[in-house]
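J.: just to be clear, the model below is a prediction. Sequence and coordinates:
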Amino acid sequence: MVQATPFLLVLFLTLGAYSLSAKKCSLTGRWVNDLGSNMTVLSVNANGNFEGSYHTAVTAGSNEIKVSPLQGSQQKGPNQKGQPTFGFTVNWSFSDSITVFTGQCFVDDDGKEVLKTMWLLRSHMENIKSDWKATR
C-alpha cells in the first residue's frame, strides 16, 4: 500500500488539473447584469460570430427603452482556452448612440458562468467642437 500512495497522489493531482483546465464558458443564452439589463446571445457560429439582443435597464435619455440588436465575435481558434474573450456592439434602437463592449467569459469556483465586461458608449454630437463629451 505504501508504494500505491504516490501513484494515487499523482493520479489525483492529474485529474484535478484536468478538471481545472476543462472549465468551459458558453456565451449562448440569456445574461442579466447587476442593474437588471439583459442580453440574449442566440448562437455562436464556427467563426466565433454571434447575434442577439440587449435590453438595458438604464438610460441617460428620456426616450422609451427598447430592445436593441447586438452583433459580436468571440475569440476562436487554436488559442481558445475555454473561457473566451469577446466583443460586441449594441446599436441602440431608441437613441442616436452605439455602445461597444469587450470582456471575457469565466467559470467561477462554483461552476457558474460569469461575464466580465467594460464598455464605451458613443453619442451623436452636432459638431466637432462637442466631440470631447461624446464618449463615455
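T.: Received the coordinates, thanks.
J.: so what's the residue nearest in space to the middle of the chain up against?
T.: Most central in the chain under Cα atoms, centre = their mean is residue 115, positioned 4.6 Å from the mean C-alpha point. Applying Cβ atoms under 8 Å, 6 or more residues apart in numbering, we find residue 115 in contact with 27, 31, 103, 104, 105, 106. Every C-beta, even on glycine, is put in place using the N, C-alpha and C of the backbone.
J.: count of residues packed around residue 101?
T.: 19 (other Cβ atoms under 10 Å).
J.: pLDDT score assigned to it?
T.: For residue 101, the pLDDT comes out at 96.
J.: and the strand or helix carrying it, which residues are buried?
T.: Here residue 101, judged by DSSP states H and E, is contained in strand 97-107. Neighbour-count burial for strand 97-107, counted by 16 or more other Cβ atoms under 10 Å, picks out 97, 99, 101, 103, 105, 107.
J.: could you single out the nearest of those to residue 125?
T.: Set against residue 125, the nearest of the buried residues of strand 97-107 by Cβ to Cβ is residue 97 (10.3 Å).
J.: look up how far residue 104 lies from that closest one.
T.: 24 Å (Cβ to Cβ, to the nearest Å).
J.: reformat the contacts of residue 115 as JSON lines; add distance to residue 82.
T.: Putting these into JSON lines (distance: Cβ to Cβ, whole Å) gives the following:
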{"residue": "27", "distance to residue 82": "12"}
{"residue": "31", "distance to residue 82": "18"}
{"residue": "103", "distance to residue 82": "15"}
{"residue": "104", "distance to residue 82": "11"}
{"residue": "105", "distance to residue 82": "9"}
{"residue": "106", "distance to residue 82": "10"}
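J.: confidence score at residue 115?
T.: 94.
J.: ok, now the one 10 residues further on?
T.: For residue 125, the model assigns a pLDDT of 90.
J.: same thing with the one 4 residues further on?
T.: pLDDT recorded at residue 129 is 90.
J.: try residue 90
T.: 97.
J.: show me what it is bridged to.
T.: Beta-bridge partners of residue 90, counted by DSSP bridges, are residue 70, residue 99.
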